[in-house]
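Enquirer: Pasting a predicted model and its sequence here:
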4 protein chains.
Amino acid sequence: MADLAAVKAALTSQVIETPSWGYGNSGTRFKVFSQAGVPRDPYEKLDDAAQVHAATGVAPKVALHIPWDRVDDYAALARYARDRGLVLGAINANVFQDDDFKLGSVTHPDPGVRRKAVGHLLECVDIMDATGSRDLKLWFSDGTNYPGQDDITARQDRLAEALGEVYARLGDDQRILLEYKLFEPAFYTTDVPDWGTSYAHCLRLGPRAQVVVDTGHHAPGTNIEFIVAFLLREGKLGGFDFNSRFYADDDLMVGAADPFQLFRILHEVAKNGGFDPATGVAFMLDQCHNIEAKIPAVIRSVMNVQEATAKALLVDLDALRAAQRDGDVLTANAVLMDAYNTDVRPLLAELRGELGLPADPVAGYRASGWQERIVAERVGGSQAGWGA
Amino acid sequence: MADLAAVKAALTSQVIETPSWGYGNSGTRFKVFSQAGVPRDPYEKLDDAAQVHAATGVAPKVALHIPWDRVDDYAALARYARDRGLVLGAINANVFQDDDFKLGSVTHPDPGVRRKAVGHLLECVDIMDATGSRDLKLWFSDGTNYPGQDDITARQDRLAEALGEVYARLGDDQRILLEYKLFEPAFYTTDVPDWGTSYAHCLRLGPRAQVVVDTGHHAPGTNIEFIVAFLLREGKLGGFDFNSRFYADDDLMVGAADPFQLFRILHEVAKNGGFDPATGVAFMLDQCHNIEAKIPAVIRSVMNVQEATAKALLVDLDALRAAQRDGDVLTANAVLMDAYNTDVRPLLAELRGELGLPADPVAGYRASGWQERIVAERVGGSQAGWGA
Amino acid sequence: MADLAAVKAALTSQVIETPSWGYGNSGTRFKVFSQAGVPRDPYEKLDDAAQVHAATGVAPKVALHIPWDRVDDYAALARYARDRGLVLGAINANVFQDDDFKLGSVTHPDPGVRRKAVGHLLECVDIMDATGSRDLKLWFSDGTNYPGQDDITARQDRLAEALGEVYARLGDDQRILLEYKLFEPAFYTTDVPDWGTSYAHCLRLGPRAQVVVDTGHHAPGTNIEFIVAFLLREGKLGGFDFNSRFYADDDLMVGAADPFQLFRILHEVAKNGGFDPATGVAFMLDQCHNIEAKIPAVIRSVMNVQEATAKALLVDLDALRAAQRDGDVLTANAVLMDAYNTDVRPLLAELRGELGLPADPVAGYRASGWQERIVAERVGGSQAGWGA
Amino acid sequence: MADLAAVKAALTSQVIETPSWGYGNSGTRFKVFSQAGVPRDPYEKLDDAAQVHAATGVAPKVALHIPWDRVDDYAALARYARDRGLVLGAINANVFQDDDFKLGSVTHPDPGVRRKAVGHLLECVDIMDATGSRDLKLWFSDGTNYPGQDDITARQDRLAEALGEVYARLGDDQRILLEYKLFEPAFYTTDVPDWGTSYAHCLRLGPRAQVVVDTGHHAPGTNIEFIVAFLLREGKLGGFDFNSRFYADDDLMVGAADPFQLFRILHEVAKNGGFDPATGVAFMLDQCHNIEAKIPAVIRSVMNVQEATAKALLVDLDALRAAQRDGDVLTANAVLMDAYNTDVRPLLAELRGELGLPADPVAGYRASGWQERIVAERVGGSQAGWGA
């Protein structure tokens, strides 16, 4: 049996990073529905993130998206965060919304466009210096829509060159987290479509480049926990962009579509030591709350990760390994399912009580009056969203 | 062997309907890139559509999207079309961009919202009366993002009620074309996710309700030509929304991603009589030209449908049926592939020559000077797009 | 809150039908691994099924597969079952293993082959008369591997004719359950590929023809619970073939790959009255135990269905409907998840205690000594499998 | 424009390797249908392969599968091949059909089973020494069916160890070609599920380990030509196992399901120099002729690869690169499609005439009388198939 005290300790030290853009508006190509009380600037996003941390106790980190979160003084923004019990997390570069990037950014056929894109990435490292962020998260929308549109290998050359230049600029405590995605917005080739491509580039770059796994970025049927286990074994798992999906990159709340998959992923993390902060695995959310209330949705997402983590930590690894060694398929599976089928909500409520947190974070948030306040106060101005 | 004169006659009488919104801007949730010369209103869209028809000779029909193509006087718009050798085609209802429709339109839990949605559909029939359109194309984004969000069967009841009300309003020569789509923008359930659902509703409604097949709206691996053959056998194929995809609803140019699939689909149409105008099968494009030049992309799409149609008409059905009857798998397949592997471009060039059309429609368009003219003239104003 | 007494009553009256072939050997095209103690004939399969029922109390029905379970005297086989507390369930016709059926059975181009296939189906109805079975389960492997190989619509005509002939032969209390499957063993077209095709044929046939949903027979991403809800609404859901899959028709133990999906499916059953025996919905297993011990795997599968059923019955429908009516996405989802996240194993253990069953059916089976006995006794002879 | 003489030269020097098992029986888990005249031993398979080479002129190499092609004297088998104008190609190891391999071979939890598996692989290298084969093709069915069944990372450790031992045994002119496959026969994890895993292991092993791409082994939507281009860029593409699929690993004739995909793949090969024999890229078929006549199906497959190769070689790379450089999406796509839409059959017929081959290889084979002869002569004995 898993040691309950150790489980609680691990749950207490877990850090789940929330994305600034999760507090703003998002939608599909068909429509972005706005919601009352949505933040108008990065400061208000941090205010909302602070509510999530207050309700859950495990969400002190907030990822930024540049240029969506561009401010004049990043050090001041970091102080603003610190004053609310938060720290700034990964800097997410955005090289997909400038008109010049229609046919690519770092892989564009035109060297001038590539230069502009790399310039933005270097600016992001400057911002990291100011915010104290460790991680530069790079997701490229680069790719093509039609066969023949551009040369696959030439684009890899350009990508390698750009990554090399940014890598050289990193400080000793900074990392590149290179994300992959099968498709969207590019619909024929994507320049970093799968973990293998990201891994190969990170290998070339060096130890401060690692792969980030967005759980919604795979082909149907892909076994994500295999990738997670493989990358942990190679020391190349930089972290997660958590969300969930039934179809494509749906960006639903993590754990909403396939809670068992989330558990299996976190079981690999647990079994392979990835919850040890020394491994540097980052647990980030990256999702859209298109139709549901945003702050409670983030809270629910954090809780879903916690619950899956708790179940993963409860797996009786000794019993599991014994059954695996014996080739006892049914028992090995049953040991795993025993943890999954456990209702961990009482354990988490107890833990929250010990930490002075509301037993039910969503209820706690609802009782706080924050939602009513922002709906009343945040009137006028432009709501934050995915706008460039 | 197929009779060449008959093939030419069929190709000459084919009508490919282009969508007004294909001339405007479109994009993904990440970015809509604008293009110089894009129309600012429905009249300019018709001007562009007239160029496509001038270049190809088979695209006289233009589908409208309401409210994107809302004008004060639809009869005047129809006259404007007629003056350019065009006719107005299907009216596409849009009940997915009003703020009230965040959780659904005709299937929304709130009867007031449903009433508003049905009101819009009825308005579209009014417009059809004014434009002389035969087809009301209904695609509903209605659905849910999360398990439990709403009741699947209750939504079916509401859908059936709304459809019934609209059906009752149709004139004798008007039809409902009910489209289905597996997902997007809804990411858990969609209220009309597949052809079976559309078919069942159309069956209940009556003979003037038929299924429309959008080639990008299926789960991976779905055999679309089977659906087409099945619906033709049932007299329930209303038409196509053509486009192509590698992944999801990518909305690429028809024939760009899987030209062999397009051929197989049109082979079923040819074999089962669907090119006979009496069957009423509508051949419509519904795609997005996010990064490529719009008018030439529409021309290319029309040509792709023509080429696949020509190949489908060239299939030696006698030889095919003989091999099928004999259970000769390889020969039957070879007969089909023989038509597919034929280069039909010389045949089409010859036919265009006979009809006084440019042998190469794209080159013909480029030589016309139209593109330079609209880039120069269409300055100022708001470019048309998917905006509500 | 759900009424616990009603939940227990529903769980007590649930009947889960196990397949005779689940007790025999199965495998993939690469290899069938045999297991010690596997039955050599239908009688021994029933002996094993009786152990599953003894351990779980909810599995008294056993489905047969003809010709795999061919015996001289079916009435005697039914008595043999009855003597062990079992009844014979659905008769599964097999028209895919005779050499004549290489290119199809009821849809074969050759009328002689079709006649032979229909003859086998009619023989199955004779067997139903002898066994007292209600359900004729029809799954056809019919289809094609190559474009052009045969005519899609002609095959539909032949299918309709064959089904009509069999339907006419049914007794008043007998049903056709028509199964669909996207692919395998046919790899281009399948003659009943999806629920829509099955539904359309059942509609034509009449009230004693219904659709059976095999949970492994869909394209990736298909929302199975939508289909279940739709068919229940139409009165056309005949039952389930339960199993689970990560990729294709993997035929893993039900609930093993996606327990949340199983819950969502059974939530639709519960919400729409499908657990009422009067609806006639049959809850059958159809899976392969290629590498795991067979009898305990069947027991585990039965338990998985029970646990998902219990969770589905625990959903607070009043709270769910209130949140749905209010458009409160997060609360509606939370109500559903609250039931799913409940650990229902104590409830089921308590119920089993009340019924005099082992609290842990797998442990109960293991303690029974049955496995050792069959390993020792079933020596010599030919193990049962998928052989024709 | 591509240089026609160079195109013909490339087509003349192309070598397409056919698989010995393609001449034997194969099927699905549901049924293996036998065919008259099927070979009874490896010698007869070579006889059939010689017919394919006689008809096409580009298929002198034959891959073996051990133990299916086990003989006492491999040098004699190689001479037998040579006497018929053939050479023996890749040795395909088979560690999936021994009863010991139920839970894995080189990744099995039991070291004794692993030893046995590695022993078989080493025996295959011995055979290569005798046959003069360059390539050891390794496909492992190893994996798990259920979550928890075994430890993902431990299995990677075992895999790496086994590969290392075999690699050390290779001669200087020998290679390991490591194949990957997403699923089947394992249905939860596969130990080499994707190109990234194969690539990472090959990288560790060294220059004589390369990735082999089986075109049927990917998740739906995977862009195979991207992988091909990426591996060529890395010098890690060892070769292809060609076949085609609509759904999963259907193993249909190459080019049958998606001829445009085959063209795109070979376009990447052509553009990146992979048709140069010096790169060592092997063009192998690996498919099943379950229902179609086997020898003509292999001939058709060879022709399909030739036709796609010819189209790929006809791409006007100068025009393509100019359009790509200009960001002219439509023109770049049109240049590619221009080659694809060309009917290359006259060119290939002309080339065959110059080489003294039948203009239509299938017709040539049919006229040869070989099929009638083997049907008459190969009576009695056991037909070759996938049996261990």
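Expert: Yep, that arrived.

Enquirer: how many other residues sit next to A:G164?
Expert: 15 (other CB atoms under 10 Å in any protein chain shown). Glycine gets a C-beta too; all of them are placed from N, C-alpha and C.

Enquirer: wait, doesn't it sit right on A:C202?
Expert: No - shown here, A:G164 and A:C202 do not form a contact pair, counting by CB atoms under 8 Å, at 11.8 Å.

Enquirer: need the contact list for A:A93.
Expert: Listed by CB atoms under 8 Å, 6 or more residues apart in numbering or on different chains, the contact partners of A:A93 are A:I66, A:H120, A:L121, A:C124, A:L136, A:K137, A:L138, A:W139.

Enquirer: Show me the helices in chain A, by range?
Expert: A:4-13, A:42-56, A:74-83, A:111-131, A:152-169, A:195-205, A:224-234, A:259-271, A:294-314, A:317-325, A:329-340, A:345-354, A:361-368, A:370-377 (DSSP state H).

Enquirer: Restrict the second one to CA atoms and write it as PDB.
Expert: Right, the one you point to is helix A:42-56. What follows is helix A:42-56, C-alpha atoms only, in PDB (Å, rounded to 0.1, in the frame of the first residue of the first chain):
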ATOM      1  CA  PRO A  42      -2.500  41.200 -17.400                       C
ATOM      2  CA  TYR A  43      -2.900  42.700 -13.900                       C
ATOM      3  CA  GLU A  44      -6.500  41.700 -13.800                       C
ATOM      4  CA  LYS A  45      -5.600  38.200 -15.000                       C
ATOM      5  CA  LEU A  46      -3.200  37.900 -12.100                       C
ATOM      6  CA  ASP A  47      -6.000  39.000  -9.800                       C
ATOM      7  CA  ASP A  48      -8.100  36.100 -11.000                       C
ATOM      8  CA  ALA A  49      -5.200  33.700 -10.800                       C
ATOM      9  CA  ALA A  50      -4.800  34.700  -7.200                       C
ATOM     10  CA  GLN A  51      -8.300  33.600  -6.500                       C
ATOM     11  CA  VAL A  52      -7.600  30.200  -8.000                       C
ATOM     12  CA  HIS A  53      -4.600  29.900  -5.800                       C
ATOM     13  CA  ALA A  54      -6.500  31.000  -2.800                       C
ATOM     14  CA  ALA A  55      -9.100  28.400  -3.400                       C
ATOM     15  CA  THR A  56      -6.800  25.500  -4.100                       C
END
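
Enquirer: can you list the residues of the stretch 51-200 of chain A near chain B?
Expert: A:96-97, A:99, A:101-103, A:141, A:145-147, A:182-185, A:187-188 (CB under 8 Å from any CB of the partner chain).

Enquirer: Give me the buried subset of those residues.
Expert: A:96-97, A:101-103, A:141, A:145-147, A:182-185, A:187-188 (16 or more other CB atoms under 10 Å in any protein chain shown).

Enquirer: and the gap between the most centrally placed residue in chain A and A:Q261?
Expert: Most central in chain A under CA atoms, centre = their mean is A:D241, positioned 2.5 Å from the mean C-alpha point. For A:D241, the distance to A:Q261 equals 15 Å [CB to CB, to the nearest Å].

Enquirer: what pLDDT, on average, does stretch A:136-151 get?
Expert: For stretch A:136-151, mean pLDDT rounds to 98.

Enquirer: and it, how far out from the chain's middle?
Expert: Stretch A:136-151 sits 21 Å away from the centroid of its parent chain (CA atoms, centre = their mean, to the nearest Å).

Enquirer: So which bits of the stretch 251-388 of chain A are right by chain C?
Expert: A:256, A:258-260, A:291-293, A:296-297, A:300, A:307, A:329-330, A:333-334, A:340-343, A:345, A:362.

Enquirer: ok, now with 6 Å
Expert: A:P259, A:F260, A:I291, A:E292, A:P296, A:V329, A:L330, A:N341, A:T342, A:D343 (CB under 6 Å from any CB of the partner chain).

Enquirer: per-residue confidence for the second one?
Expert: Going back to what we said before, that points to A:F260. At A:F260, the pLDDT value in this model is 98.

Enquirer: Now do the same contact list for it.
Expert: Shown in contact with A:F260 (CB atoms under 6 Å, 6 or more residues apart in numbering or on different chains): C:P259, C:F260.

Enquirer: same check, this time on the fifth one
Expert: Residues counted as contacts of A:P296 (CB under 6 Å, 6+ apart) are A:V362, A:Y365, C:L330.
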